[in-house]
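J.: Give me a 3D structure for the following:
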Amino acid sequence: MRIYPLFVLLLTLLSWQCQPAAPADDEAAETTTEQPAATVQGTVEYPSIPASTMRYLADSCDYIDFIFYRANFSMSQSEGGAIRNTLAGVSTQPPVINPNCQATGRIFFQVQGINAVEADFFIENGCAYYIFLEDGQYKYANLMTQQGFGVYQNIINQARSAPQPQ
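T.: Okay, here's the model as predicted:
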């Protein structure tokens, strides 16, 4: 698994370079509500993840695992800046769920080695959102910000172009 360290390094570099300058208070709300995907007909099926949960993750999350379902790789983050950047990719707005979209992968937010929160992420076919699980069932959903969507797209593009181990 020689590619794994490459992906960790790549994600760290991308996260570091993708961090925006601190927005003014009036810009912060605007940043968290961007939707990169086209609007889909439907209804909001799940409420937004509670702000208290996101604050807990911002204060306590020390490790994130990503598993990509159809791509043959996974990766992790343990650097504080990269973790904050990933959390910043979760909008405060709930999405309209597109039943034609399949989960691209799953993300595990860990606190001291324990999975505190997990979510499926959807970044294909015009979808850009997270659906968070509680007790193994979908419970909350949030749009992905443009910044978050870009980070995932860069990861996938780099993984596709990386040489395969022999």
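
J.: Need phi/psi at Q102.
T.: phi -100, psi 150 (degrees, to the nearest 10).

J.: ok, now how distant is it from Q112?
T.: Q102 is 32 Å from Q112, where distance means CB to CB, to the nearest Å. (Each C-beta comes from the backbone N, C-alpha and C, glycine too.)

J.: Give me the phi and psi angles of Q110.
T.: phi -110, psi 150.

J.: Looking at the closest residue to it other than its chain neighbours now. What's its pLDDT?
T.: For Q110, ignoring the flanking residues on the chain, the nearest one in space by CB to CB, 6 or more residues apart in numbering is Y63 at 4.2 Å. Y63 carries a pLDDT value of 98.

J.: And for T104?
T.: 93.

J.: pretty sure it contacts F122?
T.: Yes. Assessed by CB atoms under 8 Å, T104 is found in contact with F122 at 6.0 Å.

J.: Check which residues of the one helix or strand G81 maps to are buried.
T.: Taking DSSP states H and E as the criterion, G81 maps to helix 80-88. Of the residues in helix 80-88, A82, I83, N85, T86, L87, A88 count as buried by neighbour count, 16 or more other CB atoms under 10 Å.

J.: Could you report the neighbour count for the residue lying closest to the last one once chain neighbours are set aside?
T.: Counting by CB to CB, 6+ apart, Q147 is the residue found nearest to A88 once chain neighbours are left out, at 6.5 Å. Per other CB atoms under 10 Å, the neighbour tally for Q147 reads 19.

J.: Check whether Q147 really touches G89, as I assumed.
T.: Yes. Using CB under 8 Å, Q147 is in contact with G89, at 5.8 Å.

J.: returning to what we had before: who has more neighbours, T104 and F122?
T.: F122 (24 against 21).
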